[in-house]
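A.B. asks: no sequence on this one, just coordinates:
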């Protein structure tokens, strides 16, 4: 067997996928850990209608694991052999590890969302508005409720928000986007949607006039580095958490699951910031 055949291959699957910085981050981590000759990480575009076929192909290739992004975090569950307790509770997976032919699902979005907030504020009793009701919102809801926060959901469609509220009994209230003015009542606003990414870069899920300077605004979109929501929040004096922090924190846990080693957080953050600066993303 050649050295090339011995490389453990990992991917990130989703659609759209071209914007993803996961390969940059993971491959940098492998190099920092001295594992660049043993591990590789690359993009694999998988449309929603092709998910089952793609998983079969990844099994056939004996892929060592993969990260999961939009729109597959919930639909991926039916194709996996095992789920971690957190992934089962959340009902969404963003990390899959192939262990002896079995695909095991995990959710590292939990640490990606909760850790950056817990570092700067007390979550117990905090009023948190989560925008969106997809896979990332499910992770955020589960993690923040577990931390003792008072969580409400704002979503474009009421039905999906109601489904999330049914699955997580501790949710305080749910609102449609027609009630965004209610966001003024919350201490923390967390955007878990893709609004602000890619072709939506000029858009924000929250009108600027609703934001307040005494709020924390966390946007999980990391590409572009400074979304319209983050720009608006900074201009009104709110405290902001960039999507880079969510991306970095969840990736550190992914890398640990993939390699068994802890990657250097500060080095990875510097590599991401440098890439975003050089490429003016």
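C.D. replies: That came in fine, so what should we check first? None of the values given here were measured: they were computed from a predicted structure.

A.B. asks: which residue ranges form the helices in the stretch 51-200 of the chain?
C.D. replies: Shown for the stretch 51-200 of the chain, the helices assigned by DSSP state H, counting those that start in this stretch span residues 51-60, 85-90, 109-118, 135-146, 158-167.

A.B. asks: Any chance of the ones you listed in TSV with mean neighbour count, mean pLDDT and distance to residue 246 as columns?
C.D. replies: Quick note: C-beta positions are derived from backbone N, CA and C, even for glycine. Below are the helices of the stretch 51-200 of the chain laid out as TSV (neighbours: other Cβ atoms under 10 Å; pLDDT from 0 to 100; distance: least, Cβ to Cβ, whole Å):
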stretch	mean neighbour count	mean pLDDT	distance to residue 246
helix 51-60	15	98	24
helix 85-90	20	95	15
helix 109-118	23	96	4
helix 135-146	25	94	8
helix 158-167	16	91	19
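
A.B. asks: Make JSON lines from those helices and add distance to residue 68 to it.
C.D. replies: Below are the helices of the stretch 51-200 of the chain laid out as JSON lines (distance: least, Cβ to Cβ, whole Å):
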{"stretch": "helix 51-60", "distance to residue 68": "10"}
{"stretch": "helix 85-90", "distance to residue 68": "11"}
{"stretch": "helix 109-118", "distance to residue 68": "10"}
{"stretch": "helix 135-146", "distance to residue 68": "8"}
{"stretch": "helix 158-167", "distance to residue 68": "19"}
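
A.B. asks: nearest to residue 267, of the ones you listed?
C.D. replies: Minimum separation from residue 267 across the helices of the stretch 51-200 of the chain (Cβ to Cβ) falls at helix 109-118, 17.6 Å.

A.B. asks: out of the helices of the stretch 51-200 of the chain, which comes closest to residue 188?
C.D. replies: Of all those, helix 109-118 sits nearest to residue 188, with 6.8 Å by Cβ to Cβ.

A.B. asks: And the contacts of that closest one?
C.D. replies: For helix 109-118, contacts defined as Cβ atoms under 8 Å, 6 or more residues apart in numbering pick out 73, 86, 90, 92, 94, 123, 135-136, 139-140, 142-144, 147, 188, 190, 216, 218, 220, 241, 245-253.

A.B. asks: Pretty sure residue 120 sits against residue 245.
C.D. replies: No. Counting by Cβ atoms under 8 Å, residue 120 stays clear of residue 245, with 10.0 Å between them.

A.B. asks: can you tell me how far the most centrally placed residue in the chain sits from residue 34?
C.D. replies: Nearest to the mean C-alpha position of the chain, by Cα atoms, centre = their mean, lies residue 109 at 4.9 Å. Separation of residue 109 from residue 34 (Cβ to Cβ, to the nearest Å): 28 Å.

A.B. asks: Provide a list of residues in contact with residue 277.
C.D. replies: So residue 277 contacts nothing (Cβ under 8 Å, 6+ apart).

A.B. asks: Hmm, I typed the wrong one, I wanted residue 257.
C.D. replies: Residue 257 makes contacts with 65, 95, 97, 106, 108, as judged by Cβ under 8 Å, 6+ apart.

A.B. asks: how about those residues in TSV, adding neighbour count and pLDDT?
C.D. replies: TSV is the format used below for the contacts of residue 257 (neighbours: other Cβ atoms under 10 Å; pLDDT from 0 to 100):
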residue	neighbour count	pLDDT
65	23	98
95	25	98
97	18	98
106	24	98
108	24	96
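
A.B. asks: what's next to stretch 194-203, contact-wise?
C.D. replies: Contact with stretch 194-203 is made by 16, 19, 70, 204-205, 219, 221, 223-224, 227-229, as judged by Cβ under 8 Å, 6+ apart.

A.B. asks: For it, buried residues please.
C.D. replies: Neighbour-count burial for stretch 194-203 flags 194-197 (criterion: 16 or more other Cβ atoms under 10 Å).

A.B. asks: of those residues, closest to residue 30?
C.D. replies: Checking the buried residues of stretch 194-203 against residue 30 with Cβ to Cβ, the nearest one is residue 197 at 25.8 Å.

A.B. asks: counting residues per helix, which one in this protein is longest?
C.D. replies: helix 243-259 (DSSP state H).

A.B. asks: average pLDDT for that helix?
C.D. replies: Averaged over helix 243-259, pLDDT sits at 96.
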